[in-house]
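Novice: Can you look at this prediction? I've put the sequence above it.
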Amino acid sequence: MNSETKKPVKRRFIAGAVCPRCGEMDKIVNYRLDDKNYRECVACGFKDEIRLQASPRELDTRVNQTDDREVEETAVKILQPPSDKKH
């Protein structure tokens, strides 16, 4: 149990994970305790802290960049084409 909140720790299995100690697949659980992430093997008892990496910065593209350039505005006059009707 978590000593701060007195609630049981929520453990989740990591599908396809292989234990680095015993080599068993699908026996690794992940849980959070005191603001740290841990993984633990339910088969052999292996346990260690998972240090999650910060998400990488998004690459700059023309879609997500802001354009700070000044844009020159020009008025446009729309003309009707001449009527070619001959009566």
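Specialist: Happy to help now that I have it. Computed from a predicted structure; not experimentally measured.
Novice: Please make it C-alpha for all contacts and neighbour counts, starting now.
Specialist: Noted.
Novice: Where does the prediction get shaky in this structure?
Specialist: Counting by pLDDT under 70, the chain contains low-confidence ranges at 1-6, 55, 66-69, 85-87.
Novice: Residue 23 in helix, strand or coil?
Specialist: Put simply, residue 23 is coil when judged by DSSP: H, G, I helix; E, B strand; the rest coil.
Novice: That one and residue 57: what is the separation?
Specialist: Relative to residue 57, residue 23 is positioned 34 Å away (Cα to Cα, to the nearest Å).
Novice: Between those two, tell me which one has more neighbours.
Specialist: More neighbours surround residue 23 than the other of residue 23 and residue 57, with 13 against 6 (other Cα atoms under 10 Å).
Novice: pretty sure residue 29 is touching residue 39, no?
Specialist: Yes: counting by Cα atoms under 8 Å, residue 39 is a contact partner of residue 29 at 5.5 Å.
Novice: Contact partners for the closest residue to residue 51 other than its chain neighbours?
Specialist: Spatial nearest neighbour of residue 51, excluding adjacent residues (Cα to Cα, 6 or more residues apart in numbering): residue 37 at 7.0 Å. Taking Cα atoms under 8 Å, 6 or more residues apart in numbering, we find residue 37 in contact with 30-31, 49-52.
Novice: among those, which ones are buried?
Specialist: Listed as buried from the contacts of residue 37 are 30-31; burial here means 16 or more other Cα atoms under 10 Å.
Novice: and which of the contacts of residue 37 is nearest residue 43?
Specialist: Nearest to residue 43 among the contacts of residue 37 is residue 30, at 13.8 Å by Cα to Cα.
Novice: I figured that closest one was touching residue 12, is that so?
Specialist: Yes: with contact defined as Cα under 8 Å, residue 30 reaches residue 12; the gap is 5.2 Å.
Novice: Excluding sequence neighbours, find me the nearest residue to residue 36.
Specialist: Per Cα to Cα, 6+ apart, closest to residue 36 is residue 49, 7.1 Å.
Novice: Which helix or strand contains that neighbour?
Specialist: Per DSSP states H and E: residue 49 is located in strand 47-50.
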